[in-house]
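**Student:** Give the three-dimensional model of this entry:
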Amino acid sequence: MAHPDTAPRVSQPVALLAALLAAVVLWLSRDLIGVEVGVRLLLPALWLAVWTGACLSIGTWSLRFLLGRADQPTLVEVLATGAAILALAGALAATVGLLRPWLLQVTLAVAAIEGARLLWFIRRRPSLPPFVLGSAPALVLAAAGAVLLALTSAPPVMFDALNYHLAFPARWLSAGGFVEFPRHFFSYYPSAHGLLDAFALTTVGPWGANAIHWWFGAVAALAAAELGSHLGGRRAATWAAACFGLTPAVLEIAGCAIADLAVAAFAGAALVALSRRDGSMLGWRAAAVAGLLAGTAAATKYLALATVTLPVALALLVLVPRRRAAACAAFAAAAAIALAPWLGRNLTWTGNPVYPYLQTVFGGPPCERDLAAELSGTAQSPGAFRSALPRALTAPVVRIFAPLREGGLIGAHWLILVPVAVALRGLPRRRTVALWVAAGSAALAWGALVHFARFLIPAMVPAAALAGSAAAALTGSASRAVGRLFAVLLTGVLAWNATVSASAFNIDQLSVVTGQLTQREFVDRWVSYGPAIPAAEAAVPVDAVILLVAEPRSLYLDRAVLVEDPYRTPLLVELARGCRDPDELAQRVRALGATHVLVNTSEMDFFAGLRSLDDYWSDATSAERKLIESFLAGHVRPLLRTDRLLLGEMVVNATP
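**Tutor:** This next block holds a predicted model:
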């Protein structure tokens, strides 16, 4: 018997009554299941929706100006350009003392509203790379990305974020512009991403910077997919995104408020801006966009001059068959504009635009920055000049199996797929060569410098396009059995990579998000000076200045600080030289403006190791050591004392 093809129906009054009933039931159930966890899980997505809208609008109008209304940019170019323009505007505002929270809030709100308007009304929306959404690598990537995004609402605790990535933008916001810390060489580094994080600091708080870094990772994965689609279509694009996004080093830092994924996103977007056009259509305008993005990468991290700006410039030479001079001039000019505020700031402060580097050329205040010593301190010997090239050539393979501590993991899938990519046939020649040149030159520069895996991430964007094409070729083999075998193998390797996310740190982050651990407990567990944060807020006057000893991190300390980087001779040692007694040392410290002192003894061994010393006070004589001990014992009235922390008020003319 045939069944009639009917659908259940209700009248409109019944539907309205059902809606009213649902509202009443949910309201009465509000105390049965808490909504806090759901809200914390949704917050990163809501914040990034606002952030994406702002970058979308600014990027759209900027590219219309730079490329013309007839051009149809990709979503990667639009979002990265929007972020680059925001960073440049923030740098200019900080230069003239206009970096105010209210100004950033208004800018973000207006730009986000305009972004929503564009999405609603615009006919030609920015294009996404083609994906095979239901494929195994896409599903693994989406699952890993969703989990890591949910964790970003936990407070940032990574050392570098608390030391400078977030600490300095927080100080800039308080001062309304750039702040120089003469004894902290990181305060002279460019920090375009720090200005972007300032938007988070002024709206949702520090955790928003975690989400922004995750967002940059997503943009970089989209860039890898876009580049992969230029070589091998949808399947290559899908594998390229997975190869990049499921790299262990990417997963390990995705939710941390640092800079490396921002550098990768700008690098990838710059290459997309160059490679999506045929060589005959690639003019100075596209080169200028690529220069702006590559310059912003360098304005995010000095190292990107070698791993992004130069490699993208070399790719430009490959992709532009004619009028190279005009294209190169536009590229260089745009990159210089992105870097100009930072170079000008350092020139004003020190007379050296790239301080603390090239002091023999440009001069500047004395600095104990020694790159060779730092490389040795990371268990990476700089070696002799004649060994530099072999070291650079072998570094990617060596560091897959022997990674440096705290530098992340590269991942075995690169060693499986990149050799296969060398043997691929049928790819567009010019684009393929450009990607090999960009990836290879970036990897060589990385191999000659610091071998932290996360510093190699910018090179992984073009490499992922090549590796994705290799994966597409292997899984699309003429033999279905061979293709399925490689699909299972490669998906399994990428899923194995994703297990690095099951770390103790991420589990603690999950505990914060789900309410099993308070934010205060989380910070105290992962930040050694954590207990001093509430003590300083409660007991230290708002106009006080805290001298930080054996502690360069200042985020969450809502007071003015005297801070120094851990590579310098400790300030107390320098001040103790020539002092007759502890009271004179106290007067010298007070003359610098310090009213309070925070000492973190738990970090002293670590900081001594960074300078290849056995003891934090190794630079002091025995007499100077006793002088410092007497000063801390008799001229600092404790406000907080634990087995590793001393927070106290300075007392001048005290009796030791």
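**Student:** Just after the helix ranked longest in the chain, pick out the following helix or strand.
**Tutor:** Once the chain is assigned using DSSP state H, the helix that runs over the most residues is helix 207-245. Counting by DSSP states H and E, the element after helix 207-245 in chain order, helix or strand, is helix 248-253.
**Student:** For this protein, name the helix or strand with the lowest mean pLDDT.
**Tutor:** When the helices and strands of the chain are scored by mean pLDDT, DSSP states H and E, helix 371-377 comes last with a mean of 56.
**Student:** Quick check, pLDDT for the residue nearest the centre of the chain.
**Tutor:** Among the residues of the chain, the smallest C-alpha distance to the mean C-alpha position (C-alpha atoms, centre = their mean) belongs to residue 259, namely 2.2 Å. With respect to pLDDT, residue 259 scores 95.
**Student:** need the contact list for the residue nearest to it when sequence neighbours are not counted.
**Tutor:** Leaving out its chain neighbours, the residue that sits closest to residue 259 by C-beta to C-beta, 6 or more residues apart in numbering is residue 193, at 4.7 Å. Backbone N, C-alpha and C define where each C-beta goes, glycine included. Contacts for residue 193 were tallied using C-beta atoms under 8 Å, 6 or more residues apart in numbering; they are 87, 165, 212-213, 216, 259, 262, 300.
**Student:** Residue 193 sits in which helix or strand?
**Tutor:** Taking DSSP H and E as the criterion, the element that holds residue 193 is helix 192-201.
**Student:** cool, residue 116 as well?
**Tutor:** Residue 116 is part of helix 101-121, with elements assigned from DSSP H and E.
**Student:** buried ones in that helix?
**Tutor:** Of the residues in helix 101-121, 104, 107-108, 111-112, 114-116, 118 count as buried by neighbour count, 16 or more other C-beta atoms under 10 Å.
**Student:** so residue 597 sits in a strand?
**Tutor:** Yes. Secondary structure of residue 597, determined by DSSP: H, G, I helix; E, B strand; the rest coil: located in a strand.
**Student:** okay, the angle between the helix holding residue 193 and helix 207-245?
**Tutor:** Computed with axes from the mean of the first three to the mean of the last three C-alpha atoms, to 10 degrees, the direction of helix 192-201 lies at 130 degrees from that of helix 207-245.
**Student:** Distance from the chain centre to helix 192-201, please.
**Tutor:** On the basis of C-alpha atoms, centre = their mean, to the nearest Å, helix 192-201 is displaced by 11 Å from the centre of the chain it belongs to.
**Student:** Also stretch 166-176?
**Tutor:** 17 Å.
**Student:** Could you list the buried residues of that stretch?
**Tutor:** Neighbour-count burial for stretch 166-176 flags 166-173, 176 (criterion: 16+ other C-beta under 10 Å).
**Student:** for the stretch 51-200 of the chain, what spans make up the helices?
**Tutor:** Assigned by DSSP state H, counting those that start in this stretch, the stretch 51-200 of the chain shows helices spanning 75-95, 101-121, 136-151, 159-160, 167-175, 192-201.
**Student:** Please convert those helices to CSV, extending it with mean pLDDT and distance to residue 543.
**Tutor:** Supplementary listing: these in CSV, determined by pLDDT from 0 to 100; distance: least, C-beta to C-beta, whole Å:
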stretch, mean pLDDT, distance to residue 543
helix 75-95, 97, 23
helix 101-121, 94, 20
helix 136-151, 95, 37
helix 159-160, 93, 28
helix 167-175, 95, 13
helix 192-201, 97, 22
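**Student:** want to try TSV for those, with distance to residue 60 as columns?
**Tutor:** Below are the helices of the stretch 51-200 of the chain laid out as TSV (distance: least, C-beta to C-beta, whole Å):
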stretch	distance to residue 60
helix 75-95	6
helix 101-121	6
helix 136-151	24
helix 159-160	33
helix 167-175	26
helix 192-201	18
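**Student:** And those helices: which comes nearest residue 235?
**Tutor:** Go through those one by one with C-beta to C-beta and the one that ends up closest to residue 235 is helix 136-151, at 9.6 Å.
**Student:** tell me which residues in that closest one are buried?
**Tutor:** Within helix 136-151, the residues that count as buried by 16+ other C-beta under 10 Å are 136-138, 140-141, 144-145, 147-151.
**Student:** now stretch 600-616
**Tutor:** Taking 16+ other C-beta under 10 Å as the neighbour-count basis, stretch 600-616 is seen to contain the buried residues 600-601, 603-604, 607-608, 611, 616.
**Student:** Now do the helix holding residue 116: everything it contacts.
**Tutor:** 50-58, 60, 82, 86, 89-90, 93, 125, 173, 198-199, 202-203.
**Student:** Quick check: PyMOL command selecting the buried ones in the residues you listed.
**Tutor:** Buried members of these can be picked out in PyMOL with the line below, counting by 16+ other C-beta under 10 Å:
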select buried, resi 50+51+52+53+54+55+56+57+58+60+82+86+89+90+93+173+198+199+202+203
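**Student:** Quick one: distance of stretch 353-361 to the chain centre.
**Tutor:** Counting by C-alpha atoms, centre = their mean, stretch 353-361 is centred 24 Å from the centre of its parent chain.
**Student:** Alpha carbons of that stretch, in CSV - could you do that?
**Tutor:** These are the backbone C-alpha positions of stretch 353-361, laid out as CSV (Å, rounded to 0.1, in the frame of the first residue of the first chain):
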residue,chain,number,x,y,z
PRO,A,353,67.0,52.1,13.4
VAL,A,354,67.5,48.3,13.9
TYR,A,355,68.8,48.5,17.5
PRO,A,356,70.0,46.3,19.2
TYR,A,357,71.5,44.9,16.0
LEU,A,358,74.2,46.2,13.7
GLN,A,359,75.7,48.4,16.4
THR,A,360,79.0,48.4,14.7
VAL,A,361,77.4,50.1,11.7
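**Student:** Quick check: phi and psi on the closest residue in space to residue 210 that isn't next to it in sequence?
**Tutor:** The shortest distance from residue 210 to any residue other than its chain neighbours is 3.9 Å, reached at residue 152 (C-beta to C-beta, 6+ apart). Main-chain torsions, residue 152, degrees, to the nearest 10: phi -70, psi -10.
**Student:** quick one on the thing from earlier: what's the angle between the longest helix of the chain and helix 75-95?
**Tutor:** 140 degrees.
**Student:** buried residues in helix 207-245?
**Tutor:** Residues of helix 207-245 classed as buried under the neighbour-count rule (16+ other C-beta under 10 Å) are 207-232, 234-245.
**Student:** chain center to that helix, what's the gap?
**Tutor:** Its chain's C-alpha centre lies 15 Å from the corresponding centre of helix 207-245 when counted by C-alpha atoms, centre = their mean.
**Student:** Which parts of the stretch 451-600 of the chain are helices?
**Tutor:** With DSSP H, counting those that start in this stretch as the criterion, the stretch 451-600 of the chain has helices at 457-475, 480-498, 504-513, 519-526, 532-539, 571-576, 582-591.
**Student:** Please indicate which of those has the most neighbours on average?
**Tutor:** Taking mean count of other C-beta atoms under 10 Å as the contact definition, the stretch among those with the greatest mean neighbour count is helix 457-475, which reaches a mean of 29.
**Student:** the inter-axis angle of it versus helix 207-245?
**Tutor:** Using the same axes, to 10 degrees, the inter-axis angle of helix 457-475 relative to helix 207-245 is 40 degrees.
**Student:** tell me the angle of helix 457-475 relative to helix 136-151?
**Tutor:** Calculated by the same axes, to 10 degrees, helix 457-475 forms an angle of 150 degrees with helix 136-151.
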